[in-house]
Structure formats: structure tokens, C-alpha cells
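Visitor: okay, here's the prediction I keep looking at, along with the sequence it came from:
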Amino acid sequence: MEHRVHRSSSSSVWVRGSRSAWAAAAVALVHAATALGAVERMPDEVRSSATLSAEQKQQVQRFVSEQMGRLRDGDSVAVEEARQSLVSAFQGSEPSIGFRLEFGRAAANDLKRLATSGDLHRAINAAVVAGAIGTSETIDAIGAGLGDRRAAVRVASATGLREVIVTSAGSRVRKDQGSEAIRRAGGALAKESAPAVALALVAALESARGSQFHGEAALAVGSAMGGLAAGLPTPAVGDGLLGAEAMQRGVSLMFTRLIDTQGGQVDAAFLRSVVGAGTHALGYAVRHPEETIGSEREEAIAALGQMVAAAEQAVVYGEARLRNASPSSSTVKASFDASATSGDASGFEEAARALIARAAAARGSKP
């Protein structure tokens, strides 16, 4: 039995910078008060039992049934208390795998129904609880929330996946759950067009950095980047700058794996994926430069500039590794800065298209 101590992150929603009402609501709902009076906890001897007795299994089932009833039918205070009670079973020292599996089996069906509940408060809290439990059945519940039409539910579902990845890292027996969470996050990211949700999904994948899941998470970003670049709005509109940040952080996650000497060698397929991700990001920037560079929103220009820098770096170094050569020079970020100063995007577009063509040649594809 493993006894790891981990930091619980189930109360965090990674949508920094968004001013939209739904994102603010998601943050408020998941950041619960810590002084609620009716938070209950499972006994440590049950949590740590390697093999649960019949009586201990019944104890788990009764606890889960009672708390899920409050989550399903209670008022707003009861919902918060139920969530904290359920999540508390996975805070502190790592519970036994037998306890986690029994808990997940008892909660999964209700969580899957609640993950798409018409009540936003219940749906968000269900995603958080499912992430804390982190079994295959509760990851299925998170998957249901990822397909919800409400962006706030998708943000909470991404946060649930992040918790699964964080708590699976370093565990011998939960490797499959961590990998499944990464697969779900990558699949959702490829189809996402809401900038804050995209950022939350990238933040989930970022949590794999430095762990045994780093390579898987980087490849998931690479597979998603084409769809993401095509679906996100311009940084100058609404919370679009969060989409540019999502792409920048995703490309950076891939780059850190590229240069990670402790993580082992990467193959040519990964190098092509890094170059492809950087190229898609540059393509996104080339499609949106005039309205962004001409925007009065300085934060939008800054977000796009940071993304351009990350994309240029990924393409230049990835292409060099593919050619087994030293990195060639590139003027893309310098051209972006000059265009942002002058208000004329043509110089940046020319430099970006040249690097995209160079990247395509390295990958053996068309620009």
C-alpha cells in the first residue's frame, strides 16, 4: 500500500484573467467557505485499510450515500458541505486503493447524473468530487461534464481532470487513471472554442510537467493544437486573450519536454508534433494580427506576443532537432514587436509565413 502525501487542488479553477460572469460564478462556487459546520469525515482506519472488511465497505457506502443525497437534493449550504465531506476522504495521506475503488463505485452513478445537472451549482461540485475520487468510473462522470454546453461546467470538469493527474503522478497503481485524464483533456481541448475553458484544459495538462505523464500531456497538446487554433476567437474580442494564453502555455509544455534531459530522449514523431504545434499557433497569430495589433487592448497584444515567442521557439528548436543541426535564426517575434509599435502587421505576417513554410518543409508537409 502506498502512503503518499499530496496537495489537494480540487478547490482551484484555472481561469485567471477572465471577466465573464460565468467564469466568476464557477470560481465562487468551487472556492467554498472552509468553516462550514456539517463537514463529516471517514475514519482514518477505514481510509488506510488495504483490504476493506464487509463492515467497512458498508460504512463507505453509507457515508457516500448520505453525502451524495445532500449533494443531489440539499440547499446550497448542504451542497457545499457534502462536497467538502466527500473530498475530505482524499485529502492528507493517500488512502488505500481498495478504499478509493469502493468509494468510487458507490459515488459514480450519482456523479455522472449530477455532472450534467440543470442546477449549475450541483454540476460544478459533482465535477470537483469526481476529480478528487479519481477512479475510472468517476473520470467517466467528468467526461460527461466536458461535453456540457455550459462553459462553467466544462471549466470545473477540466479542474477535476487536473486533480486526477496531480494525484496520480508518482503512483504505481493509478498510472492508467492519470493517462486517461490526459487523454480526456486532450480530446476536449481539440474541440474547445471557449477561451477560458481551453485555458483550464491546458492547465490540467500542465500539471503533468516533470512527472511520468509529461510526455503524454505534451503529445495531447500537440494533437489538439490544430483544432484549437482553428476554433478560438481573436485575442482582441471578449476573453479571447485567454485563448492565446492557452496556446502559449500548451506550446511551452511541449517545449519543456523537448529540452528535458531527465525525461529521456524524444523521437522524431514528437519533434514533428512540437514543430506542428508551434506552426498552428503561428497560423492563428497570422490570421488575427491586424485586429489585435490595431487593438487598444494592450493586454491582447501582450498575450499574442507571448504566444508568438513560444511558437517561434518551438518551431526553431524542433526543426533543428529534426535536421540534427544548430537552430537557425528567426525574426518572427522581433517582427511582431515592430508591427505592434508601428500598427502595420505586414512585416510580422511576412516573417511568420516564412517560418511556417520552413517548418512545413522540415515536417514534409504543405504550409
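Guide: Yep, that arrived. Numbering: from 1, shown residues only.
Visitor: mind listing what's buried along stretch 66-76?
Guide: Buried residues in stretch 66-76, counting neighbours by 16 or more other Cβ atoms under 10 Å, are found at 67, 68, 70, 71, 72, 74. For the C-beta atoms, the positions are set from N, CA and C on the backbone; glycine is no exception.
Visitor: got any ranges where this structure has weak pLDDT?
Guide: 1-37, 367 (pLDDT under 70).
Visitor: tell me where it has strands.
Guide: Per DSSP state E, the chain carries strands over the ranges 5-6, 92-93.
Visitor: so what's the closest residue in space to residue 281 that isn't next to it in sequence up against?
Guide: Residue nearest to residue 281 in three dimensions, not counting chain neighbours: residue 311, with 3.7 Å by Cβ to Cβ, 6 or more residues apart in numbering. When contacts are counted by Cβ atoms under 8 Å, 6 or more residues apart in numbering, residue 311 touches 247, 248, 251, 277, 278, 279, 281, 282, 285, 332.
Visitor: quick one: the residue lying closest to residue 65 once chain neighbours are set aside from residue 68, how far?
Guide: Of all residues not flanking residue 65 in the chain, residue 106 sits nearest, at 6.9 Å (Cβ to Cβ, 6+ apart). Distance, residue 106 to residue 68, by Cβ to Cβ, to the nearest Å: 8 Å.
Visitor: show me what contacts the nearest residue to residue 74 once chain neighbours are set aside?
Guide: Sequence neighbours aside, residue 82 is the residue nearest to residue 74 in space, at 6.4 Å (criterion: Cβ to Cβ, 6+ apart). The contact partners of residue 82, taken as Cβ under 8 Å, 6+ apart, are 67, 68, 69, 70, 71, 74, 125.
Visitor: next one: residue 57
Guide: Contacts of residue 57 by Cβ under 8 Å, 6+ apart are residue 102.
Visitor: gap between it and residue 120?
Guide: As for residue 57, its distance to residue 120 is 33 Å (criterion: Cβ to Cβ).
Visitor: next, count neighbours for residue 189.
Guide: Neighbour count of residue 189, defined by other Cβ atoms under 10 Å: 27.
Visitor: that one and residue 221 touch, don't they?
Guide: Yes - using Cβ atoms under 8 Å, residue 189 makes contact with residue 221 at a distance of 7.2 Å.
Visitor: common neighbours of those two, please.
Guide: Going by Cβ under 8 Å, 6+ apart, residues that sit against residue 189 and also against residue 221 are 202, 205, 250.
Visitor: okay, and which of the residues you listed map to helices?
Guide: Judged by DSSP state H, these include 202, 205, 250 as members of helices.
Visitor: ranges for the helices of the stretch 101-250 of the chain?
Guide: Taking DSSP state H, counting those that start in this stretch, the helices of the stretch 101-250 of the chain run over residues 120-133, 136-146, 151-168, 175-191, 195-206, 214-231, 240-258.
Visitor: count of neighbours near residue 355?
Guide: A count of nearby residues for residue 355, using other Cβ under 10 Å, gives 24.
Visitor: what angle separates the longest helix along the chain from helix 195-206?
Guide: Assignment by DSSP H gives helix 298-323 as the longest helix of the chain. Angle of helix 298-323 versus helix 195-206, following axes from the mean of the first three to the mean of the last three Cα atoms, to 10 degrees, is 40 degrees.
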